[in-house]
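A.B. asks: Sequence first, then the predicted structure, then my questions.
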Amino acid sequence: MCVDIISNNKKDVSDVRVIFISGAHTIGMARCTSFKQRLYNQDGNNQPDSTLEVTYYNDLKTVCPENGGDNNISPLDFASPARFDNTYFKLIILGKGLLTSDQVLLSGNVEETMFLVKAFAENDALFFDQFARSMVKMGNINPLTGYNGEVRKNCRIAN
């Protein structure tokens with residue numbers, strides 16, 4: 001179950017803040033169902049995501065086979081999966097972002113996001129500072145409540 005945190009004030013969460021918060025992917029795991037399309041059918045052409053680094057791609061295929069294994073897991077940051085650090089951003093630069101949403105921060109050709117990924121990869125103190133600020137700001141978002149909001153049974157679809 002997940003809570004839909006749509007805000008009454010849409011400008012509370014900027015695209016830049018999403019980058020800061022994405023850094024939370026330095027810790028945690030993802031099930032194959034979250035990234036399998038990148039390995040086998042990214043663009044609907046039965047080909048892998050061209051932004052995946054080759055050895056990382058081959059390693060992921062051993063964890064997440066084309067058929068079955070949907071509940072197998074892989075760390076979001078395989079280099080330091082239990083440590084909160086800026087390695088997540090370093091991996092994205094190397095083509096080793098696990099989720100499409102991770103890798104697109106660099107490959108999406110948005111100059112500001114590309115700049116921030118590189119800046120956070122080079123400067124962990126900058127990432128820590130911006131992440132903390134963004135978490136405080138997100139904590140102050142007024143979510144929709146009562147009949148204006150919902151607790152979803154499945155995060156991907158409205159009830």
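C.D. replies: Good, I have the coordinates. Given the structure is predicted, the values throughout are model-derived calculations rather than measurements.
A.B. asks: wait, doesn't Met114 sit right on Val104?
C.D. replies: No: in this structure, Met114 is not within contact of Val104 by C-beta atoms under 8 Å, at 10.4 Å. All C-beta atoms are positioned from the backbone trio N, CA, C, and that covers glycine.
A.B. asks: The lengthiest helix in the chain: what's the following helix or strand?
C.D. replies: Assignment by DSSP state H gives helix 124-139 as the longest helix of the chain. Next helix or strand after helix 124-139 toward the C-terminus (DSSP states H and E): strand 151-152.
A.B. asks: Give me the mean pLDDT for that next one.
C.D. replies: Taken as a whole, strand 151-152 has a mean pLDDT of 74.
A.B. asks: again with stretch 55-63
C.D. replies: Here the average pLDDT along stretch 55-63 is 97.
A.B. asks: How far off centre is the longest helix of the chain?
C.D. replies: Put simply, helix 124-139 sits 16 Å off its chain's centre (C-alpha atoms, centre = their mean, to the nearest Å).
A.B. asks: So which bits of it are buried?
C.D. replies: Under the neighbour-count criterion of 16 or more other C-beta atoms under 10 Å, helix 124-139 has Phe127, Gln130, Phe131, Ser134, Met138 buried.
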